[in-house]
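[1] Just to be clear, the model below is a prediction. Sequence and coordinates:
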Amino acid sequence: MSAPQAPHVIAGVDVAPVFGAASSVQLREEIKYIGSRAIHLSSIASEGGAAGADGKAGVPDAASAVATADEIKKTKKAPSKAYFMISDRACGIVGMRDGEGILQQAPLEYCVMQLAHPKNKKLLIYVTRNARLGVAYCHVVEATKEQVQTILPAIDAGVDATKARRLSQAGPGGVGESTSKMDTDLAELNAYDDSVHGVYEGRFMGRVPSKEREGAKTIATALAQAQKNLKKAREPGREAILIITTDGLRVFEALTEEQMLILDLNTISFIGVVASGDEEIIAVIEADDRLAQNNCYFWACSMEGMADQAVKALGSAIEISRRRAAAKADDPFYPDSFKKESVPLALENIQIDREELTGVEVLGAGQFGRVYLAVQSSGDDDPDSDIQRAVKLLRDGASAADKEEFTREAEIMTYMTHPNVVQIVGTSMMYRPWLVVLEMMQYGDLKKVLQTAQNKGMELTFLEFLIMAEQLAAALEHVSQKGYVHMDVAARNALLHTNNLVKLSDFGITRAVDPETNKFRLSGQLRMAVRWMAPETLGKHPILFSEKTDVYAFGVTMWELPSYGRLPFRTLKAREAKDRIRDGLMLGPPPNCPDAMYELMLGCWKRNPDDRFTFQGVRERLQGLIDREKAAGHSPRDVGACINKDLTKNFQRSSMRATSKRRESRKVKKPAN
């Protein structure tokens, strides 16, 4: 095992995981950080994705970068005192305020443009690319003219040195023996833009249920409620990035890039713009047939015209999505081409012939792409052998990182066999689109179920909460026994089926622990939700994850249950929440939460990880409380059926209709021999 990396502390925060040891830092200048903005590459690059004015493919020209910088400057946010840093691996901005941490960072290879503002030589503009999200960021800092002229060549030198290191590892003829991950990410990014219709910024004002699926009056009524909710909670809303792709509206918290929500375009029933004071507000209505509810979402844009641009792009994406869906209506899993691809060795034995699958309807959009309700047939045309499945597709233009995570998640799921872990049925990865076939969980993610229950005035009982929590604890006990740490335990990553069956899902960032220490050491970076992270994972190096960090996250997940899916620490921005959690801040008891349940949460949040429950311990305590409630004469309802009593019947009807239609007009589509 390699020696632990020495800490590199700036303003109370260890920056070594990003910038390396202090000795590797090649430049550190005191500057003022003005701000950053996410931008869509194809919207500012030259036509057809060809090289921009600087000769780099998919890179904005200088005029576009300057225009974006001017827009950032107009926001008139108070600049932050910070350090601009360049090491042998990354460049970025680190706050000078104690505990503020890293404000922006990117590997040097992702720095694609840097220049001084032509009209104000004290402003440094630089652009970085995010291969995973398929966007770029324009950053603006203020310094002296001399500092700007020092920083610019330092960035160039760092990028050149990184490229030189790659070439030094090249094989005969100057061709690398293996393509680096960054090379792959950047190559994928150039092909990604055709699936991104636009990137916008807005302050997320919340989600409000509505009776109607469309109409300006519906939006106005819901907006008034959203504004009332924010005022009552004393929160301004969360700054967000909206990425409109060919299959979904993907929303991330600005700067931290923590995923907030994904809406499938097929579920969007109405879009519009509402003026409110100095802001223009993007309004989106989602028609959620799965949980029999309509939801209105709102984002406030301070920049004039951005809301109109976003709604126009969203409307265009919805139209394209519907045309594509109609073109493949009979078979959404039909290969885009018959170019064979190599299947990962670990998944070779669970390949499924996609001819066995009949797409029924879209269930929603996930991190990787659409999720379908499908029917798996045995091929003997016997309807009694049909089984409902959930099929996850890897979206067009997915980044190399998403492909890797999609494959890793499928592989890890093959190792998990437990009644409360979602089971993988198989994969189909020989042709695009890649498919992962899972057992069907009827009501979807637990967070949305809880929110819907509250919106419909349905109050869950103590016993119902306990039954959900105990099943999730049992699943996580199994994960720990298998030698893994889940690292993303939250209500959004638990699924609900009929009769209150709860199963753990989403193993995208799950990692194996060291068998000697039973811990996983994070050496790079992962995009994680800080509000569910244990204090010891938010501070000093080394950062270690274990069963006890999952237990901490499980405690937060238990808190989500009687909170009906409310965001933990919702009055705090992500960075402030990170600092406060690291310093020991804990969640208070939710309204009407039984003392016995909150005491279990506190047992999961002990400051010393060794003092926290094990999953076996917390599961046994939960089971004891369940037994006590049942002995007192209480019994649970079928929560999902209470929310949407017709869903089982509707799914069965639509499944039978889809399979009957396909059997009647079946044309086996296979590549020519």
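    Arrived safely.
[2] Just give the number of residues close to the closest residue to residue 15 other than its chain neighbours.
    Distance criterion CB to CB, 6 or more residues apart in numbering; nearest residue to residue 15, sequence neighbours excluded, is residue 8 at 5.3 Å. In this view, the C-beta of every residue, glycine as well, is placed from N, C-alpha and C. Burial of residue 8 is recorded as 20 neighbouring residues (other CB atoms under 10 Å).
[3] looking at it, residue 8 is touching residue 28, isn't it?
    No - the pair residue 8 / residue 28 is not scored as a contact, 11.0 Å apart, by CB atoms under 8 Å.
[4] what about the helices in the stretch 101-250 of the chain?
    Taking DSSP state H, counting those that start in this stretch, the helices of the stretch 101-250 of the chain run over residues 145-168, 181-190, 216-233.
[5] Take those helices and lay them out in CSV including distance to residue 88 and mean neighbour count.
    Compiled in CSV, the helices of the stretch 101-250 of the chain are given as follows (distance: least, CB to CB, whole Å; neighbours: other CB atoms under 10 Å):
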stretch, distance to residue 88, mean neighbour count
helix 145-168, 7, 15
helix 181-190, 14, 18
helix 216-233, 44, 16
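[6] Least reliable of these by average pLDDT, please.
    Among the helices of the stretch 101-250 of the chain, helix 181-190 carries the lowest mean pLDDT, at a mean of 43.
[7] Could you check how far the residue nearest to residue 15 is from residue 24?
    8 Å (CB to CB, to the nearest Å).
[8] for the residue nearest to residue 15, phi and psi?
    Residue 8 has phi and psi values of phi -130, psi 90 when expressed as degrees, to the nearest 10.
[9] got it, and residue 451?
    The phi/psi pair for residue 451 (degrees, to the nearest 10) reads phi -60, psi -40.
[10] I'd assumed residue 564 was in contact with it.
    Yes - Residue 451 is within contact range of residue 564, at 6.1 Å (criterion: CB under 8 Å).
[11] Domains in the protein, by residue range?
    Following automatic domain parsing, the chain resolves into domains at 9-191, 194-327, 345-442+645-664, 444-641.
[12] mind checking which of the ones you listed is nearest residue 339?
    Counting by CB to CB, residue 339 lies closest to domain 345-442+645-664 out of those; the figure is 7.3 Å.
[13] Now do the end-to-end distance for the closest one.
    Across its full length, domain 345-442+645-664 reaches 36 Å between end residues, using CA to CA, to the nearest Å.
[14] what about that domain, average pLDDT?
    Averaged over domain 345-442+645-664, pLDDT sits at 89.
[15] Same question for stretch 37-53.
    Stretch 37-53 carries an average pLDDT of 50.
[16] picking that back up, distance to residue 338 added to the domains of the chain, as CSV?
    As requested, those are arranged in CSV below (distance: least, CB to CB, whole Å):
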stretch, distance to residue 338
domain 9-191, 19
domain 194-327, 17
domain 345-442+645-664, 6
domain 444-641, 28
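[17] Show me the one of these that comes nearest residue 336.
    Taking CB to CB, domain 345-442+645-664 is the member of those nearest to residue 336, at 4.7 Å.
[18] where do the strands sit along the stretch 301-450 of the chain?
    357-365, 370-376, 387-393, 424-428, 435-439, 444-445 (DSSP state E, counting those that start in this stretch).
[19] Tabulate the ones you listed in JSON lines, adding columns for distance to residue 292.
    Formatted as JSON lines, these follow (distance: least, CB to CB, whole Å):
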{"stretch": "strand 357-365", "distance to residue 292": "14"}
{"stretch": "strand 370-376", "distance to residue 292": "16"}
{"stretch": "strand 387-393", "distance to residue 292": "19"}
{"stretch": "strand 424-428", "distance to residue 292": "27"}
{"stretch": "strand 435-439", "distance to residue 292": "23"}
{"stretch": "strand 444-445", "distance to residue 292": "12"}
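[20] Contacts only, for residue 507.
    Counting by CB atoms under 8 Å, 6 or more residues apart in numbering, residue 507 touches 408, 409, 412, 413, 416, 486.
[21] where does the last one land on pLDDT?
    At residue 486, the pLDDT value in this model is 97.
[22] Tell me which residues touch it, please.
    476, 479, 504, 507, 510, 550, 553.
[23] pretty sure the fifth one contacts residue 482?
    Pointing back at residue 510 there. No - under the criterion of CB under 8 Å, residue 510 makes no contact with residue 482, lying 9.8 Å away.
[24] picking that back up, in CSV, list the helices of the stretch 101-250 of the chain along with distance to residue 259.
    Shown next, in CSV, are these (distance: least, CB to CB, whole Å):
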stretch, distance to residue 259
helix 145-168, 29
helix 181-190, 18
helix 216-233, 21
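[25] Tell me which of those lies nearest to residue 344.
    Of all those, helix 181-190 sits nearest to residue 344, with 15.7 Å by CB to CB.
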